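Visitor: What follows is a predicted structure for the sequence shown.
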Amino acid sequence: MTRIDFYTHATNRLQTACRLSAKAVKQGLRVMILTPDAETSRQLDEMLWRYPPTGFIPHCHASDPVAEVTPVIIAEAGEALPHDEVLLNLKNDSPPFFSRFQRLVEIVDKGEEQEARERYRFYRDRGYEIHHHKLGEGG
């Protein structure tokens with residue numbers, strides 16, 4: 001069953017996505033970041049090139065020919081998913097295909113709590129074990 005982690009009290013959702021992606025890659029995991037739109041994907045792509053400050057996180061868009069071998073994939077939709085390890089959801093709704101992943105990460109910005117509560121209930125009501133992580137300042 002998919003492990004679900006909610007990271008709440010984020011002050012910058014994209015920065016938190018970069019930090020969690022870097023942590024997962026360091027652990028040898030592959031990450032699929034699901035974004036709400038092409039503009040968010042573009043912003044995230046730029047941030048990943050500069051994160052961490054002394055390097056970058058290898059990444060590409062799901063449509064890129066090297067997606068099969070790239071640790072972090074950015075996508076706006078769920079088609080052609082090259083792996084099933086970690087799905088990092090930046091959309092405000094539950095991805096219909098989340099259960100094919102080993103782990104789902106939900107990042108909750110301040111001010112986005114209502115949509116997050118709905119996602120939380122959705123997963124809980126289906127019997128998924130949910131882990132909660134409260135981010136501190138800068139998270």
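Guide: Here it is on my side, so go on.
Visitor: how about the nearest residue to residue 100 once chain neighbours are set aside, phi and psi?
Guide: Excluding the flanking residues, the one nearest residue 100 by CB to CB, 6 or more residues apart in numbering is residue 84, at 5.4 Å. For glycine as for every other residue, the C-beta is placed from the backbone atoms N, C-alpha and C. Note on residue 84: its backbone torsions stand at phi -130, psi 30 [degrees, to the nearest 10].
Visitor: Now do residue 84 against residue 101, distance only.
Guide: 5 Å (CB to CB, to the nearest Å).
Visitor: neighbour-wise, which of the two wins?
Guide: More neighbours surround residue 101 than the other of residue 84 and residue 101, with 22 against 15 (other CB atoms under 10 Å).
Visitor: residue contacts, the more buried one?
Guide: 2, 32, 84-87 (CB atoms under 8 Å, 6 or more residues apart in numbering).
Visitor: Of those, grab the buried ones for ChimeraX.
Guide: Buried subset of these, written as a ChimeraX selection, criterion 16 or more other CB atoms under 10 Å:
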select :2,32,86,87
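Visitor: Where is pLDDT lowest across the contacts of residue 101?
Guide: Ranked by pLDDT, the contacts of residue 101 bottom out at residue 84, which scores 92.
Visitor: In this model residue 102 seems to touch that residue, though I could be wrong.
Guide: Yes - if you go by CB atoms under 8 Å, residue 84 and residue 102 touch, sitting 6.1 Å apart.
Visitor: quick one, what contacts residue 92?
Guide: 36, 112, 115.
Visitor: can you redo those as TSV with distance to residue 66 and neighbour count?
Guide: Converted to TSV, the contacts of residue 92 look like this (distance: CB to CB, whole Å; neighbours: other CB atoms under 10 Å):
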residue	distance to residue 66	neighbour count
36	24	13
112	32	14
115	33	16
